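Visitor: need the 3D shape of this:
(2 chains)
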Amino acid sequence: MTVRLLYFAGLRERLGMSGEELSLPSGVATVAALRTHLSGRDETWHAALSGNSALRVAVNQVMANANTAIKAGDEVAFFPPVTGG
Amino acid sequence: MPVRIQHEDFDISAEIAALRDARRDVGAVASFVGIVRDMNEGSSVAGMTLEHYPGMTERAIQAILDEAGTRWAIFDSLVIHRIGALQPQDQIVLVVVTGAHRGDAFAACEFIMDYLKTQAPFWKKERTPQGDRWVEARAADDAAAARWEKP
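Guide: Below is the predicted model:
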């Protein structure tokens, strides 16, 4: 299945991209599994996504957690804790 | 629209007048304006850039306004949040709440601002003499939002 991924703020700069369309292997169906999948790309992705407990995730523009399910066509966003206001 | 994300500055007097003119039973208007400071975390700040998540930011703030409307007896609420390049002393954010009485208007205004700080996807990048830096989230903001959690 294909999902749309978005990266914001410091994470976007670290990864060098603001977003991508990604085809996921079968079995990657939760936020936690997606993070593990992306962490396996290389050292940069591993450092940015693995074990970074402060990292926030939203699925279809609603805050999500590690167990949130991901399905085809979803928009999944990763970003640091927010600092507006 | 009760939620506006924009590059342009805002006029608090005009915004309050618009909410007051909408009905004749308004007895209280509470408002908050956030301003860019020229200092943060021990460094002078020459300016900042505000990034947001188009779509989610508006939804998240609307959800906060909806929640405020269920918790307090208020009439209308408004949030304007600026994005893009800002300078010290620029206005960043406006919250306005109208109601019949001050108590609920004050509380709702503070709640909206506390939740916006921790829930709405915005990120600040500051220009300092040491270079550009992303602002870190503050534990004090989490604590302020936690005060409003229901038991």
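Visitor: I'd say residue B:58 and residue B:5 touch.
Guide: Yes - contact criterion Cβ atoms under 8 Å: residue B:58 and residue B:5 qualify, at 6.2 Å. Just so you know, the C-beta spots here come from the backbone N, C-alpha and C atoms, and that holds for glycine as well.
Visitor: in the chain, which spans are strands?
Guide: All of this is about chain A. For chain A, the strands defined by DSSP state E occupy A:2-7, A:19-23, A:56-59, A:62-63, A:75-79.
Visitor: please refer instead to chain B.
Guide: Under DSSP E, chain B gives strands at B:3-6, B:28-35, B:39-40, B:43-44, B:47-52, B:76-82, B:84-86, B:91-99, B:122-128, B:131-134.
Visitor: now those strands in TSV, please, with extra columns for mean pLDDT.
Guide: Listed next are these as TSV, based on pLDDT from 0 to 100:
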stretch	mean pLDDT
strand B:3-6	98
strand B:28-35	98
strand B:39-40	92
strand B:43-44	92
strand B:47-52	98
strand B:76-82	98
strand B:84-86	98
strand B:91-99	98
strand B:122-128	97
strand B:131-134	96
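Visitor: would TSV of these with mean neighbour count and distance to residue A:51 be doable?
Guide: TSV is the format used below for the strands of chain B (neighbours: other Cβ atoms under 10 Å in any protein chain shown; distance: least, Cβ to Cβ, whole Å):
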stretch	mean neighbour count	distance to residue A:51
strand B:3-6	16	32
strand B:28-35	16	33
strand B:39-40	13	28
strand B:43-44	14	28
strand B:47-52	20	24
strand B:76-82	23	32
strand B:84-86	15	33
strand B:91-99	23	33
strand B:122-128	21	21
strand B:131-134	14	19
